[in-house]
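Asker: need a 3D model of the sequence below.
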Amino acid sequence: MSRTFATPALALLLAATTVFSPRAHAGGGDLNSSEAGVLVSMVLTLSIPLAASVGLVELSKAPFKASEQRSARKRVPAKPLPPMEVKEVTTDAQGCKVQLQVPGNAEQTATLQWPARQDNPGAAFAVGETVAFVPTPAGAGWNVTDGGGKTLAYVPTEYAAADNLTGTW
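Answerer: As a prediction, this is how the structure comes out:
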């Protein structure tokens, strides 16, 4: 999180000028060391809480900026996608990757990727088979099914994947 100190610094400067200006001119501008110490103490007593409160107001708004940005992203429900052919299934120590392509259109490709885990989702995919992306009833993603209708994997939409409840626990 980045934050500017311009606002708290301005509050500190404002408090300092408010305290020093009437006191310095009231007695002709000559202050002894005791009076100067009292003034410095008053400036610190007034300006530090003021500067801190201005800064804390900005900090208290920071957590809501992220949720505002997230809510600004429009939730787009999953729409039907064309069937895709499995071109390659790769499994290694890092995880599993499934390369897909719309039959007859080499430009329309997709990649499904999972980190390494015991229940390897890529093992259900067979090179050469055609899979369908069926939108879920709530529209949060797609169930990837084989020709027989068996669900092979679930793919969330971008909005659902960014949800704080989505993740590996």
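Asker: wait, what's in contact with the closest residue to Thr151 other than its chain neighbours?
Answerer: Nearest residue to Thr151 in three dimensions, chain neighbours excluded: Asn143, at 4.9 Å (CB to CB, 6 or more residues apart in numbering). Just so you know, the C-beta spots here come from the backbone N, C-alpha and C atoms, and that holds for glycine as well. Counting by CB atoms under 8 Å, 6 or more residues apart in numbering, Asn143 touches Phe133, Val134, Thr136, Thr151, Ala153, Tyr154.
Asker: kindly recompute the last result at 10 Å.
Answerer: Contact analysis of Asn143 by CB atoms under 10 Å, 6 or more residues apart in numbering lists 78, 132-137, 149-155.
Asker: same deal with Pro121?
Answerer: So Pro121 contacts Gly95, Cys96, Val98, Leu112, Gln113, Trp114, Val144, Leu152, Ala153, Tyr154 (CB under 10 Å, 6+ apart).
Asker: need phi/psi at it.
Answerer: Here is the backbone geometry of Pro121 (degrees, to the nearest 10): phi -60, psi -30.
Asker: beta partners of Val86?
Answerer: Leu100 (DSSP bridges).
Asker: check contacts around it.
Answerer: Val86 neighbours (CB under 10 Å, 6+ apart): 98-101, 112, 122, 125-131, 146, 152.
Asker: got a winner among those for most neighbours?
Answerer: Val98 (25 neighbours; other CB atoms under 10 Å).
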